[in-house]
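1. After the sequence you'll find the predicted model.
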Amino acid sequence: MRNLKAFLKSVVFNSGFLRNFFILFYQWRGRKPWSAGYSVYKLTYIRDVIEDRLDMFKKEKLPDSYGAHLDERTVEYPWFFSRLKNDEITILDAGSTLNHSDILKLRTLKNRKIYISTLACEGFQDLESHTPSYVFEDLRNLCYREDFFDAVISISTLEHVGMDNTFLYTCDDQKKENDKDAYLNVIREFKRVLKKGGTLYITLPYGLYRNRGWLQIFDGEMLLKLISEFSPKDISKTFFKYENHQWNYSKEDACQEGYLFDIHQDHPDDNKEGLASAQCVVCLEMIKA
């Protein structure tokens, strides 16, 4: 079923007619998060921002209505690409978040070596050139040797490690877990496979701690544990918040009570901010000592 969905998605994304149809349909239906056409609209929006308007993230100033009705990927992807360095050639995508044709075809990734590690197959992207290497594994036990990668990126993935991944991602009953601190094992692995001076890029839902079964929201204490485990030479923390129907830069204090609307479990009437997913995210750029 997962492979069928990936195939149908690739058909839509590779057809200009179907892509435009679903985008118009999504807009006509009122741009409701996760409705038909949502993913096509979102990834097209993100691709266009990265290709043509990335300077707004370098200046850390987003325009009015930025990312309206869209989830946190709208800020996570551009944040990462605004910070990715020219000499970071060998890159690990831990969690398969880059695994979309619109993302992998971006000009900035053209001459880089992308390795994708994730728990289960989410489809393969046929890019003709620079096709990524796929490995299906637990991020707590990476197959790569020490000091191999120039950069490791993990976009909204650590919140799922040690949780019930049978809910959406795998049929393996051994991955039905409830280990709040399992993410620390992943941080140790990221540090091991990164070169000295390499960069770890991580994004996470942030705010009041809550375990939703298949994911958890990171709070200030967990964030400190994560940073302490990696013990970076240098660190940059960036916070984003969805407020007044748009994404914008924020402060850590303003995100302390951030929450997440779970489309799978929560009632729409409880979604006062009109969220697609997380209200707040933290983005970490850490340099290995």
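-> Arrived safely.

2. mind listing the strands for the stretch 151-289 of the chain?
-> Taking DSSP state E, counting those that start in this stretch, the strands of the stretch 151-289 of the chain run over residues 194-205, 210-211, 216-217, 234-242, 247-250, 280-287.

3. Columns mean pLDDT, distance to residue 157 and mean neighbour count on top of the ones you listed, output as JSON lines?
-> Backbone N, C-alpha and C define where each C-beta goes, glycine included. Listed next are the strands of the stretch 151-289 of the chain as JSON lines, based on pLDDT from 0 to 100; distance: least, CB to CB, whole Å; neighbours: other CB atoms under 10 Å:
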{"stretch": "strand 194-205", "mean pLDDT": "98", "distance to residue 157": "8", "mean neighbour count": "21"}
{"stretch": "strand 210-211", "mean pLDDT": "96", "distance to residue 157": "16", "mean neighbour count": "14"}
{"stretch": "strand 216-217", "mean pLDDT": "98", "distance to residue 157": "12", "mean neighbour count": "22"}
{"stretch": "strand 234-242", "mean pLDDT": "98", "distance to residue 157": "17", "mean neighbour count": "18"}
{"stretch": "strand 247-250", "mean pLDDT": "98", "distance to residue 157": "20", "mean neighbour count": "18"}
{"stretch": "strand 280-287", "mean pLDDT": "98", "distance to residue 157": "12", "mean neighbour count": "22"}
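
4. Nearest to residue 271, out of those?
-> Among the strands of the stretch 151-289 of the chain, the nearest to residue 271 by CB to CB is strand 234-242 (11.1 Å).

5. how about the closest residue to residue 219 other than its chain neighbours, what does it touch?
-> Spatial nearest neighbour of residue 219, chain neighbours left out: residue 209 (4.0 Å); criterion: CB to CB, 6 or more residues apart in numbering. Counting by CB atoms under 8 Å, 6 or more residues apart in numbering, residue 209 touches 216-219, 221-222.

6. all helices of the stretch 1-150 of the chain, in order?
-> Under the criterion DSSP state H, counting those that start in this stretch, helices of the stretch 1-150 of the chain are mapped to 2-13, 16-28, 38-52, 55-58, 73-83, 101-104.

7. how about the strands of the stretch 151-289 of the chain, which one is nearest residue 59?
-> Closest among the strands of the stretch 151-289 of the chain, using CB to CB: strand 247-250, at 10.1 Å.

8. how far is that closest one from where the chain is centred?
-> Computed by CA atoms, centre = their mean, to the nearest Å, the chain-centroid distance of strand 247-250 equals 16 Å.

9. Would you mind confirming that residue 274 makes contact with residue 67?
-> No - using CB atoms under 8 Å, residue 274 is not in contact with residue 67, being 11.7 Å away.

10. More neighbours: which of the two?
-> For residue 274 versus residue 67, neighbours defined as other CB atoms under 10 Å are more numerous around residue 67 (24 against 14).

11. ok, now how distant is the more buried one from residue 111?
-> Taking CB to CB, to the nearest Å as the measure, residue 67 falls 29 Å from residue 111.

12. Which helix or strand in the chain has the lowest average pLDDT?
-> helix 2-13 (a mean of 60; mean pLDDT, DSSP states H and E).

13. Give me the residue ranges of this protein where confidence is low.
-> Across the chain, the ranges flagged by pLDDT under 70 are 1-13, 15, 123-130.
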